[in-house]
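*Asks:* show me the folded form of this:
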Amino acid sequence: MDVFRVIQKRRAYRSLEPVEITKDLIRDLAECAQLAPSCNNNQPWRFVFVYDAQTLKDMHAVLSSGNVWAQAASMIIAVFSKREDDCIIKDREYHQFDSGLATGFLVLRATELGLVAHPIAGFSPKKTREILGIPDEYKVITLIIVGKHAKTISPVLSEQHVASEKRRPRRKTHDEFVYLNRYSEN
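*Replies:* From the prediction side, this is the model:
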């Protein structure tokens, strides 16, 4: 088992080519998400796996203009949850955190299978709920764009996105986000 290698391999590529989506693949990804930890084992996450050609096309309307590249997706996964389905301890609501953990597990499994699974923020949650029939009480947290990494760079990408296709964007150094024993400004 080499989780570190899969973590290192995961990238937010935007140049996609089609990949066959099967119910076995969906089951595999769902099983990995299902195993994520959650507060009191509440498992608040919900996913809609969109792979039908017409529904995928309908989902193009929810994407921001900067995410036109996502129209090449073979599948879009809507991730959603509601606060009442998970722990609420004083002012701490866990449903988004726990749904994020499940999403991370799903993304890593997709990477292990040779897929790109790219979570995005540039979309309309309201339109997503309308198209997919998700009730208003649920918060749509992210969409995961799924496909196969293309060998050629998509012509719809911005210069910045082209650069990030060619090399991994800069990651913060440990000094920028790791503190030992206590937070400090230095």
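
*Asks:* closest to the centroid, which residue in the chain?
*Replies:* Pro119 (2.8 Å; Cα atoms, centre = their mean).

*Asks:* near the closest residue in space to it that isn't next to it in sequence, how many other residues are there?
*Replies:* Take Pro119 and drop its neighbours on the chain: the residue closest to it by Cβ to Cβ, 6 or more residues apart in numbering is Thr142, 4.5 Å away. Yep, even glycine has a C-beta here, placed from its N, CA and C like the rest. Using other Cβ atoms under 10 Å as the criterion, Thr142 is surrounded by 20 other residues.

*Asks:* what does Thr111 give?
*Replies:* Residues lying near Thr111 (other Cβ under 10 Å) number 18.

*Asks:* using the three-state scheme, assign it.
*Replies:* Following DSSP: H, G, I helix; E, B strand; the rest coil, we place Thr111 in the helix state.

*Asks:* how about it, what does it touch?
*Replies:* Applying Cβ atoms under 8 Å, 6 or more residues apart in numbering, we find Thr111 in contact with Val6, Lys9, Arg10, Ala117.

*Asks:* ok, now which ones touch the closest residue to Ile21 other than its chain neighbours?
*Replies:* Excluding its sequence neighbours, the residue lying closest to Ile21 (Cβ to Cβ, 6+ apart) is Tyr51, at 4.1 Å. Neighbouring residues of Tyr51 by Cβ under 8 Å, 6+ apart: Ile21, Ile26, Ser74, Met75.

*Asks:* how close does the third one sit to Ala110?
*Replies:* According to Cβ to Cβ, to the nearest Å, Ser74 stands 11 Å off from Ala110.

*Asks:* can you list residues touching both of these two?
*Replies:* Counting by Cβ under 8 Å, 6+ apart, the shared contacts of Ser74 and Ala110 are Val146.

*Asks:* those two: who's more crowded?
*Replies:* Comparing Ser74 with Ala110 by other Cβ under 10 Å, the one with more neighbours is Ala110, at 24 against 20.

*Asks:* quick one: Ser124 and Val62 touch, right?
*Replies:* Yes - judged on Cβ atoms under 8 Å, Ser124 makes contact with Val62 at a distance of 4.8 Å.

*Asks:* and those two? Which one has more around it.
*Replies:* For the pair Ser124 and Val62, the greater number of neighbours falls to Val62 (23 against 15), based on other Cβ under 10 Å.

*Asks:* okay, and the beta partners of the residue nearest to the centre of the chain?
*Replies:* Beta bridges link Pro119 to Ile144 when assigned by DSSP bridges.

*Asks:* report pLDDT for it.
*Replies:* On pLDDT, Pro119 comes in at 98.

*Asks:* any idea how far it lies from Asp85?
*Replies:* As judged by Cβ to Cβ, Pro119 and Asp85 stand 20 Å apart.
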